[in-house]
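Chemist: I need the structure of the sequence given here:
(one chain, ligands or ions: 1)
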Amino acid sequence: MALWEWMGTSELPSLLLRSLITLTLLACTTALLALYLRPRYSSLRFLRGPVSTSYLTGCWEEALAEEPGVAYSRWAEEYGGAVRVASFLGEDRLMLADSAGVNHVMKECYSYPKPPEVRGPLGRILGKGLQHAEGDDHRRQKRIMAPAFSTAHLRDLTPTFFAVAHKLRDHWLDLIAAGGIEEGAFKDSVTATAFEKKEGETVVDAMKWLSRAALDIIGLAGFDHPFNALSSSSDALGAAFSTMLSSTFRPTARIMLAANLAGKLISALPFDLSAWMPVEQVRRIRRCFETMESETERILQGKKEEARSAGGVGLGLGMEEEKRDLMTLMLKSNLEDVKMTMSDGELSGQMTTFVLAGAETTAGALAWALKTLAEKPHVEKQLRTELRKAKGGVVEKDDELEYDELDRLPLLDAFCREILRLHPSLPYTLREATSDDSIPLSTPVTSQAGQQLTAVPIKSGTVVMIPIYAMNRSRKVYGEDADEFRMERWTEEGVGKGAAGAWGQQITFWGGPRACIGYKFALLEMKVILTVLLDSFSFAPRDATIKLGHRAGAITRPIVVGEEALGCRMPLRVRRVEEG
Ligand code: HEM
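Modeler: Numbering: from 1, shown residues only. Okay, here's the model as predicted:
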């Protein structure tokens, strides 16, 4: 018997329905009104900032019209270190480009987690790894993982890095010996065929090769797994990661709005929305996730089995002494401390995190490094001279410098710092205040009312955007030539004084308890690959008119202006270097 029959009235269903419709309409109208009025009552309205050109997409059109991060630099110059920036659907964000303010957010990281629209998709993509964890979970995971990323451990991993770098070098040597060029480095087959190649050189898409090398390094050094990305025999996991990493799209303000809404939905829904979407692209990415999940789980179980069956020799885990990949060391820490352990889900989440957070970022930095060498032959020469002097004049030999010797090359170090400063993988990062706060400023800003503010009061729920690119190019910190490549600045007294961040007077690797755990790993990888390539090759632009730009995605990658449709690429001429 239906409820209304039991209650003796047949009016109830239509009454209920009408009430429901009225309530829904009322809720929608209130929500729309609140959204519409949001900018007028914004808690940040006392701050100055760029004019919003659209209620839907705020200042995003302006931000995306230029190279990633350039608009943020301009706003920081014009309005100072605390700027009100209109975002999606009338939401205001605080753009914080002040070193004291950014240091505060870095230090108080657990009160400033990533906003749900970032965290939701991050959890789906990276699993329950370090990037996704917050609060006590993050503290515990980072403590267990820290020894694996120590200098002592990286010293042991250096030969693995060199082995991959040699493989990359040999591929390019083979290409030169075969007298070929890569068609993918050109706009089309006609331009490739018309290209006049000189003796002893080739043309490659350096981004493609560096991505493959970075994937192989993280596979071997991260969890002793050969992705074989440099050879064509890439395995299932390598192929899944390559697909994930190569999926590029050109972000527009509307795409960013859709991504923002989808991110919010993903974090709010208790189930995986993508499983229900009949879109081929989404299905393809889902298949990659599934492969990543099952393969990382398989590798992890294999490692644990290895530890159990060998019965306590080697690293104290029963693993061979020479197995020193990050995952082995993390398993060791995990087993040594019974109070602090990571679950299997967290451990396999770290594998995905290492690949997705560590491979393309480092490959991108290396691509900009090679482009800089191609455009600045005198820098290339200086670096090669320093390297050969350190190697005692030995040319093209697999007998390479040790970790500490590499670390002692001042020009190479300055070069890497300057590349990382000018080309940070993340042009900005986002945080959300979980309580009301007052953010201190090192340089006061002028409010809308003309007052000088030495701190910014913010409300819980405010999204804070930190423009990494703009801060790394601050004229106040690096001088009038902040936008220029000048590696000598790193040998000068007091360079980058007053910069926020943990490493190298810049915020490329972020800072505080949530700083990039892989920064030493990335630097070692850059130095190893650069020394091997510099020893054998010299670089030049593909042609005199080529213009390279940055494309923003999850991370920033290079594109050829006018050839954007071909995806992220870095075409370069590679010549065998003269000996001596
Ligand atoms: C040039 C190369 C790299 C750059 C520029 C870079 C940059 C960054 C940045 C900016 C963050 C902070 C992101 C945020 O919280 O919004 C971060 C975090 C992280 N990075 Fe890197 N990274 C690089 C290489 C690596 C490598 C090689 C690995 C691992 C092998 C790695 C693993 C991580 C992890 C696990 C985190 C999360 C740390 C935490 O939340 O405590 N990164 N990285």
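
Chemist: what's the next secondary structure element after the helix or strand containing Ile285?
Modeler: Using DSSP states H and E, Ile285 sits within helix 280-310. For helix 280-310, the succeeding helix or strand toward the C-terminus, using DSSP H and E, is helix 326-336.

Chemist: ok now the very next helix or strand once past that next one, how far from the chain's centre?
Modeler: Proceeding N to C from helix 326-336, the next assigned helix or strand is helix 344-375, under DSSP H and E. Remark: helix 344-375 is offset 7 Å from the chain centroid, using Cα atoms, centre = their mean, to the nearest Å.

Chemist: hmm, helix 344-375 in reach of the ligand?
Modeler: Yes - residues of helix 344-375 contacting the ligand under Cβ under 6 Å from any ligand atom: Thr353, Phe354, Ala357, Gly358, Thr361, Thr362, Ala365. For the C-beta atoms, the positions are set from N, CA and C on the backbone; glycine is no exception.

Chemist: could you pull up the residues touching the closest residue to the ligand within the chain?
Modeler: Nearest residue of the chain to the ligand (Cβ to the nearest ligand atom) works out as Gly518 at 2.2 Å. By Cβ atoms under 8 Å, 6 or more residues apart in numbering, the contact list for Gly518 reads Phe149, Phe354, Ala357, Gly358.

Chemist: and the second one, how many residues sit next to it?
Modeler: When counting by other Cβ atoms under 10 Å, one arrives at 26 neighbours for Phe354.

Chemist: looking at the contacts of Gly518, spot the one nearest Trp510.
Modeler: The nearest member of the contacts of Gly518 to Trp510, counting by Cβ to Cβ, is Ala357 at 11.4 Å.

Chemist: ok, back up a step: report the angle between the helix holding Ile285 and helix 326-336.
Modeler: Taking axes from the mean of the first three to the mean of the last three Cα atoms, to 10 degrees, one finds helix 280-310 and helix 326-336 inclined to each other by 60 degrees.

Chemist: and helix 280-310, average pLDDT?
Modeler: Averaged over helix 280-310, pLDDT sits at 77.

Chemist: name the helices or strands packed onto it?
Modeler: Helices and strands touching helix 280-310, by 3 or more Cβ pairs under 8 Å, 6 or more residues apart in numbering; DSSP states H and E, are helix 236-246, helix 326-336, helix 344-375.

Chemist: ok, of the ones you listed, where does mean pLDDT dip lowest?
Modeler: Across the helices and strands packed on helix 280-310, helix 236-246 gives the lowest mean pLDDT, at a mean of 69.

Chemist: before we move on, which element is Ile439 in?
Modeler: Secondary structure from DSSP H and E places Ile439 in strand 437-446.

Chemist: which among the residues of helix 344-375 next to the ligand gets closest to Tyr110?
Modeler: The nearest member of these to Tyr110, counting by Cβ to Cβ, is Thr353 at 18.8 Å.

Chemist: just give me the neighbour total for the closest one.
Modeler: Thr353 has 26 nearby residues by other Cβ under 10 Å.

Chemist: same check on Lys497?
Modeler: Neighbour tally, Lys497, other Cβ under 10 Å: 10.
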